[in-house]
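K.L.:
got a structure for you, letters missing:
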């Protein structure tokens, strides 16, 4: 049982509605994003709002004007949407001074993410989705990461909890949806064998990961000093940059981009900017690393 007050990210799907139901006594406020991406998105919003009203939970809404999708600002909707919602979550955390948020990611999401990472040939110290991590100073906690999606749906049905179904998840032209469909068809025996195999891979990397994270914390204390960074071996440098990025930008970064950033840090040129993506720039000044949010 969670004891502290939390925010919760709730889309209206069975995963997040199960989360809201199970922990509603510990949830101070719900964050809901309506992208108006689907004709039924207002129904999702209404379901979440109705539940919050019933249990007197604060309801925070981010309404996205769908006309923005037709502009050049949105080239990759999934990444853009992820950035928007994480920035929204952080803004509500700062407004309420509640720096913990619950998310409904589950075991299926964990396995799907692993397959996505392998498809992209990502070299990581952790595969899948972590049970806990941070976005800036916002602690993200995923209590359902070991529970299958179908169990959460069954929980909602058993307890008569209303939820919405995102029909766009059926569109297999998107890689994530194709993988999602394949994972959902796995019986529990096969599924949890894969889950355990991924966990073993993560466990084998755990010792280095802990040491690398310790180095990252030291680097923070030294205000991202480049002399400290240059003394690390390449593998640790990769992890330092990875930690730097996941704590300062919600947009996923490729291995090639990480290597480009390392080379930028190692170069002897002066006050030069490096554009990580459309939301973040890094620059070097007086042998330190600084960030500019765009």
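P.N.:
Yes, it's here. Nothing here was measured: the structure is a model prediction, and the numbers come from that model.
K.L.:
Pull the contacting residues for residue 98.
P.N.:
Residue 98 is in contact with 5-7, 28-29, 92, counting by CB atoms under 8 Å, 6 or more residues apart in numbering. Bear in mind the C-beta positions are built from the backbone N, C-alpha and C, glycine included.
K.L.:
Distance check, it against residue 140.
P.N.:
For residue 98, the distance to residue 140 (CB to CB, to the nearest Å) stands at 13 Å.
K.L.:
I'd like the contacts of residue 98 written out as JSON lines, with neighbour count and distance to residue 201 added.
P.N.:
Shown next, in JSON lines, are those (neighbours: other CB atoms under 10 Å; distance: CB to CB, whole Å):
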{"residue": "5", "neighbour count": "13", "distance to residue 201": "35"}
{"residue": "6", "neighbour count": "21", "distance to residue 201": "30"}
{"residue": "7", "neighbour count": "23", "distance to residue 201": "31"}
{"residue": "28", "neighbour count": "15", "distance to residue 201": "36"}
{"residue": "29", "neighbour count": "19", "distance to residue 201": "36"}
{"residue": "92", "neighbour count": "20", "distance to residue 201": "35"}
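K.L.:
Tabulate those in JSON lines, adding columns for pLDDT and distance to residue 246.
P.N.:
Below are those laid out as JSON lines (pLDDT from 0 to 100; distance: CB to CB, whole Å):
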{"residue": "5", "pLDDT": "93", "distance to residue 246": "25"}
{"residue": "6", "pLDDT": "97", "distance to residue 246": "21"}
{"residue": "7", "pLDDT": "98", "distance to residue 246": "19"}
{"residue": "28", "pLDDT": "97", "distance to residue 246": "25"}
{"residue": "29", "pLDDT": "98", "distance to residue 246": "24"}
{"residue": "92", "pLDDT": "98", "distance to residue 246": "20"}
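K.L.:
Name the nearest of the residues you listed relative to residue 128.
P.N.:
Residue 128 lies nearest to residue 6 out of the contacts of residue 98, by CB to CB, at 22.2 Å.
K.L.:
Show the contacting residues for the closest one.
P.N.:
Residues in contact with residue 6, defined by CB under 8 Å, 6+ apart, are 23, 26-28, 98, 100-102, 141.
K.L.:
and it, bridged to which residues?
P.N.:
Note on residue 6: beta-bridge partners residue 27, judged by DSSP bridges.
K.L.:
picking that back up, I'd like the contacts of residue 98 as TSV, with distance to residue 157 appended.
P.N.:
Shown next, in TSV, are these (distance: CB to CB, whole Å):
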residue	distance to residue 157
5	28
6	25
7	26
28	27
29	26
92	30
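K.L.:
quick one, helices of the stretch 151-294 of the chain?
P.N.:
Per DSSP state H, counting those that start in this stretch, the stretch 151-294 of the chain carries helices over the ranges 175-184, 188-204, 206-221, 226-230, 234-246, 255-266.
K.L.:
Would you mark the buried spots in the first one?
P.N.:
To tie it back to what came earlier, the one meant is helix 175-184. Buried residues in helix 175-184, counted by 16 or more other CB atoms under 10 Å: 176-177, 179-180, 183.
K.L.:
Over to the last one?
P.N.:
When neighbours are counted by 16+ other CB under 10 Å, the buried residues of helix 255-266 are found to be 258, 261-262, 264-265.
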